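Student: this one's sequence-less:
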């Protein structure tokens with residue numbers, strides 16, 4: 001039915017005044033969308049439910065009604081569009097989701113073929129060499145050579161002091177103190193491996209009389225005098241250098257001057273001096289205070305490069321008691337026994353003077369009768385006497401011993417051996 005002209009609104013009259021080219025474009029656009037929707041409808045799977053088919057028909061009607069906006073009359077859209085879409089539903093998104101999913105699958109099936117130009121070579125671009133890698137490799141090589149040089153310097157220092165020869169000498173001439181000798185050599189090797197230190201090395205040899213403390217000090221002095229000049233080894237005996245009649249202040253000045261001069265000369269020649277201080281138990285508190293100042297770490301470099309050997313009988317009673325009580329347990333040859341003995345001796349030494357806080361304490365234990373026989377044998381060889389075994393056992397039996405079970409420990413160690421041999 002044709003609508004009378006009187007009922008056509010003003011908007012439709014304006015739309016009728018559009019030029020014919022614009023109308024042709026709108027018609028082509030409408031036909032394009034209709035064909036596109038129909039093609040998608042054919043490509044979708046056929047086996048769908050009746051509800052989905054009904055939803056598609058509604059969607060198509062809605063799309064056709066929307067395209068009528070570009071027709072010749074907008075009033076016709078307002079009338080027919082509202083009649084065709086009587087109700088609104090959200091099920092229209094199902095078709096859109098199905099179309100998007102189908103497009104994704106179709107795009108995935110396409111094979112991506114890389115087309116190379118005819119006149120080019122098919123290979124990956126060459127990687128540029130990184131300058132940072134070269135610098136890093138050069139740094140690693142430099143560090144490696146520095147470490148190698150440091151290791152060689154450590155070996156050179158140990159060879160310079162001939163600590164292997166010293167260890168052999170002490171194992172041969174010191175009897176019954178295997179653990180003590182090993183501890184001394186370990187400390188010396190660690191300290192003499194380099195010339196740069198943050199504190200001096202202080203070794204304290206403590207034990208009862210006659211067990212070999214002074215003999216170890218004499219062997220150390222003899223060895224280092226043969227390696228270095230005599231000017232860098234000092235043996236200080238309290239009874240000789242500071243007798244009872246001399247004022248303690250005078251002894252303090254004399255000892256301080258000797259240590260300072262020797263340390264200064266050793267620093268110039270890049271050597272480490274050795275100070276062997278015997279009979280420490282006889283030192284006055286003034287001398288002990290002077291020594292403790294030299295042991296402090298906050299000093300100039302020349303005073304940090306020095307070795308101090310302290311020899312005393314302090315703690316000898318505690319060591320004797322511990323050895324006799326644990327003679328059958330063989331604790332003296334175990335690390336646990338050495339640590340237990342140190343825990344007993346160290347408080348006694350610190351009570352005597354605080355300087356022992358900065359010292360490495362090495363206890364010397366009692367000597368057994370077999371060790372005393374070895375002392376007689378070595379002394380007779382040194383004096384050029386024939387080592388008769390029966391005579392040696394006879395001389396050793398004349399000494400006094402502590403008896404615990406089947407073991408005998410000498411009360412005076414090897415201190416009386418030299419006097420007995422001299423009587424032969």
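Tutor: Nice, thanks for sending it over. The structure presented is a predicted model; accordingly, all values stated were derived computationally and were not measured. Numbers count the residues shown, from 1 in each chain.
Student: Can you give me the distance of the closest residue to residue 162 other than its chain neighbours to residue 188?
Tutor: Nearest residue to residue 162, sequence neighbours excluded (C-beta to C-beta, 6 or more residues apart in numbering): residue 227, at 6.0 Å. Heads up, the C-betas are built off the backbone N, CA and C, glycines and all. Look at residue 227 and residue 188: by C-beta to C-beta, to the nearest Å, they are 12 Å apart.
Student: Going along the chain, name the strands of the stretch 151-300 of the chain.
Tutor: Applying DSSP state E, counting those that start in this stretch to the stretch 151-300 of the chain gives strands spanning 201-206, 233-237, 274-278.
Student: Which one of those lies nearest to residue 344?
Tutor: strand 201-206 (11.0 Å; C-beta to C-beta).
Student: buried set for that closest one?
Tutor: 201, 202, 203, 204, 205, 206 (16 or more other C-beta atoms under 10 Å).
Student: do stretch 367-383 as well
Tutor: By neighbour count on 16+ other C-beta under 10 Å, the buried set for stretch 367-383 is 367-369, 371-380.
Student: farthest pair in those?
Tutor: 368 and 380 (19.1 Å).
Student: What segments of the stretch 301-424 of the chain are strands?
Tutor: 307-312, 360-363, 401-404, 407-410.
Student: elements contacting the second one?
Tutor: Going back to what we said before, that points to strand 360-363. Packed against strand 360-363, as judged by 3 or more C-beta pairs under 8 Å, 6 or more residues apart in numbering; DSSP states H and E, are the following elements: helix 178-192, strand 201-206, helix 335-352.
Student: Point out the most buried one among those.
Tutor: strand 201-206 (a mean of 24; mean count of other C-beta atoms under 10 Å).
Student: Tell me, how many residues neighbour the nearest residue to residue 207 once chain neighbours are set aside?
Tutor: Among residues not flanking residue 207 along the chain, residue 364 sits closest, at 3.0 Å (C-beta to C-beta, 6+ apart). Look at residue 364: counted by other C-beta atoms under 10 Å, it has 27 neighbours.
Student: Next one: residue 372 from residue 412, what distance?
Tutor: In terms of C-beta to C-beta, residue 372 sits 9 Å off from residue 412.
Student: ok, back up a step: so the residue nearest to residue 207 is in contact with residue 212, correct?
Tutor: Yes: with contact defined as C-beta atoms under 8 Å, residue 364 reaches residue 212; the gap is 6.2 Å.
Student: Which residues are in contact with each of those two?
Tutor: Listed as contacting both residue 364 and residue 212 by C-beta atoms under 8 Å, 6 or more residues apart in numbering are residue 177.
Student: What residues of stretch 257-269 count as buried?
Tutor: Buried, per 16+ other C-beta under 10 Å, within stretch 257-269: 259, 262, 263, 266, 267.
Student: Please list all residues in contact with the third one.
Tutor: Looking back up the chat, that one is residue 263. 273, 302, 303, 305, 306.
Student: do the same with the last one
Tutor: Residues in contact with residue 267, defined by C-beta under 8 Å, 6+ apart, are 301, 302, 305.
Student: Equivalent analysis for the fourth one, please.
Tutor: Under the criterion of C-beta under 8 Å, 6+ apart, the contact partners of residue 266 comprise 232, 272, 273, 302, 305, 306.
Student: related to what we said a few turns ago, for the buried residues of stretch 257-269, please prepare a markdown table with the additional fields distance to residue 181.
Tutor: A markdown table is the format used below for the buried residues of stretch 257-269 (distance: C-beta to C-beta, whole Å):
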| residue | distance to residue 181 |
| --- | --- |
| 259 | 26 |
| 262 | 26 |
| 263 | 27 |
| 266 | 25 |
| 267 | 29 |
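Student: Do you know the pLDDT at the closest residue to residue 404 other than its chain neighbours?
Tutor: With sequence-adjacent residues excluded and distances taken as C-beta to C-beta, 6+ apart, residue 404 is closest to residue 327, at 4.4 Å. Per-residue confidence (pLDDT) for residue 327: 80.
Student: And for residue 120?
Tutor: For residue 120, the predicted pLDDT is 58.
Student: Which strand or helix spans the spatially most central residue of the chain?
Tutor: Residue closest to the mean C-alpha point of the chain, counted by C-alpha atoms, centre = their mean, is residue 147 at 16.7 Å. In this assignment (DSSP states H and E), residue 147 forms part of helix 131-161.
Student: pretty sure residue 270 is in contact with residue 195, am I right?
Tutor: Yes: Residue 270 is within contact range of residue 195, at 6.1 Å (criterion: C-beta under 8 Å).
Student: Of those two, which one has the most company?
Tutor: Applying other C-beta under 10 Å to residue 270 and residue 195 shows that residue 195 carries more neighbours, namely 13 against 8.
Student: correct me, but the more buried one touches residue 269?
Tutor: No: counting by C-beta under 8 Å, residue 195 does not reach residue 269; the two are 11.0 Å apart.
Student: can I see the domain layout of the protein?
Tutor: The chain breaks down by automatic domain parsing into domains covering 5-107, 154-366, 370-422.
Student: Thanks a lot, see you next time.
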